[in-house]
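Student: With the input below, show me the fold.
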Amino acid sequence: MKIHFIAIGGSAMHNLAIALHKKGYQVTGSDDEIVEPSKSRLASYQLLPAKEGWNEAAITPDLHAVILGMHARADNPELLKAKELGLSIFSYPEYLYEQSKDKKRVVIGGSHGKTSITAMILHVLQANGFPIDYMVGAQLRGFDTMVKITDDAKTIILEGDEYLSSPIDRRPKFHLYKGHVAVLSGIAWDHINVFPTFEIYLQQFEQFIDTLEPNAVLIYSANDAVLTNLVKQHPRTDIRKIPYLAHAASTTEGISYLTTAAGAVPLRIFGDHNLQNINAAKLVCMELGLAESDFYQHIQTFNGASKRLELIAKNKSCNAYKDFAHSPSKLMATTAAVKNQFENRKLIACMELHTFSSLTAEFLKEYHGCMNTADQAIVYFNPHTIAHKKLAPISIEQVTAAFAREDLMVYTESDKLQAYLRAKRWENCNLLLMSSGNFDGIHMESFAEELLSE
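Tutor: A predicted model of the protein is given here:
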């Protein structure tokens, strides 16, 4: 099979390219910019294009498929050539379905927690020797790639993103997977550039339920009133609907323990949102035939997904974490989790407004009160990023009003933010850095180690 990737450098795209290469396919690709870690990982498998840029000559009649990434535009010259030749053109999720249409498909959807739930399931199944294919949105410890596609595995675990599939396919990704087992972790309005109202966003989850296979199982968070109402009112009667809440647990000296019939099960992760994620992951594993005791045995060694409440530095009286949290619901859950786990430590929570939605004046009001559990709350945004995204400017006053916290500190220059944090005394407190970016160039691990070493 000869496969060509248009925009091979993307996080998901390069992982799929590597997975197909491992499967024995002949893979080529192109991109106008490839950065780390995609660049090094593609190079290690001899898949890195010889030069950056689009190359119409790479589109030949003998290609079995062309996979189009979101980074490409609808007028991409390679895409136009592929259309002219009548080649089979797939979006990333379309091709994942093409590769898994004869497998049992487990789709993990929802506005938050998708990556963590998927990672938990993969960790436990792999530890139990369960043969699986997968696609997950973060690099996981013990897994070489974020995508695995084989001929042998009869089950595939798919993280179901609600964002668009490709420049020419405006369907949300998770509409294309047609799950036999599905999880919905919650609904919190996101991607305002694509779904301009909450009602339109909500429709995507209604349609997701429509796409499930006959007699599918839908596992959903009963803690989310909007989601619960949607599931209960959905007309489908041929699917089994299983609600879940947070797993019962206790905390002793900063360590969380699951409460089970067989006794306390210690965890390396914490937070109410993770206790909810654990219950969702357990229900999926049991649907796949795993014993509950086997789940508990191996969830103890789960360290968390990359950038999901990831411990990056510590000393005797202070921990520093980084988290991908950027939407209001994620911000609230992550901040509360750290504060509640370490009630006797002061929490300094710092977040970056970085995504399209978060930098939009209309959406800012969704952040009302979402950092209130932090002892000190700091927000950073870069006006140049807003200009680059061609959005209307926002002001420090707008941000302060949106978060509804008079003592909120707002920075618009990364060096001044760093200087402030360096000047603080880090004793008996925790630092939480939350962003889908990097605060304009901060290497968070090195920075946190520097702060806590003083």
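Student: Check the burial of Ala337 by counting its neighbours.
Tutor: When counting by other C-beta atoms under 10 Å, one arrives at 24 neighbours for Ala337. From N, CA and C alone the C-beta is placed, and that goes for glycine too.
Student: now swap in Ala320 and tell me
Tutor: 24.
Student: cool, and Glu445?
Tutor: 14.
Student: what mean pLDDT would you report for the helix or strand that contains it?
Tutor: Glu445 is located in helix 444-453, with elements delineated by DSSP states H and E. Helix 444-453 shows a mean pLDDT of 95.
Student: Point out the other helices and strands that it packs with.
Tutor: Here helix 444-453 touches strand 310-314, strand 319-323, helix 414-423, strand 429-434, going by 3 or more C-beta pairs under 8 Å, 6 or more residues apart in numbering; DSSP states H and E.
Student: got TSV for these, with distance to Gln46 and mean pLDDT too?
Tutor: Listed next are the helices and strands packed on helix 444-453 as TSV, based on distance: least, C-beta to C-beta, whole Å; pLDDT from 0 to 100:
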stretch	distance to Gln46	mean pLDDT
strand 310-314	31	93
strand 319-323	32	95
helix 414-423	37	96
strand 429-434	36	96
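Student: So for stretch 331-351, mean pLDDT?
Tutor: Average pLDDT, stretch 331-351: 94.
Student: buried set for it?
Tutor: Residues of stretch 331-351 classed as buried: 331-339, 341-342, 345-351 (neighbour count, 16 or more other C-beta atoms under 10 Å).
Student: Kindly report the same for stretch 100-113.
Tutor: 100, 103-113.
Student: quick check: angle from the helix holding Glu445 to strand 429-434?
Tutor: 160 degrees (axes from the mean of the first three to the mean of the last three C-alpha atoms, to 10 degrees).
Student: Mind listing what's buried along helix 444-453?
Tutor: 444, 447-448, 451-452.
Student: Ok, stretch 168-188 next?
Tutor: Those would be 169, 171-188, for stretch 168-188 by 16+ other C-beta under 10 Å.
Student: longest helix in this structure, by residue count?
Tutor: helix 272-287 (DSSP state H).
Student: which parts of that one are buried?
Tutor: 272-285, 287.
Student: Name the next helix or strand following that helix along the chain.
Tutor: helix 292-299.
Student: contact partners of that next one?
Tutor: Helix 292-299 has contacts (C-beta atoms under 8 Å, 6 or more residues apart in numbering) with 120, 123-124, 127-128, 258, 260, 262, 265, 267, 278, 281-282, 285-286.
Student: so where's this protein uncertain?
Tutor: 454 (pLDDT under 70).
Student: Of the buried residues of helix 444-453, just say which sits nearest to Gly86.
Tutor: Nearest to Gly86 among these is Met444, at 47.2 Å by C-beta to C-beta.
Student: surely that closest one meets Leu431?
Tutor: No. Taking C-beta atoms under 8 Å as the definition, Met444 is not a contact partner of Leu431, at 9.8 Å.
Student: Going by residue numbers, what spans are strands in the stretch 201-350 of the chain?
Tutor: Along the stretch 201-350 of the chain, the segments classed as strands by DSSP state E, counting those that start in this stretch run 217-221, 240-244, 249-252, 255-260, 263-266, 310-314, 319-323, 346-352.
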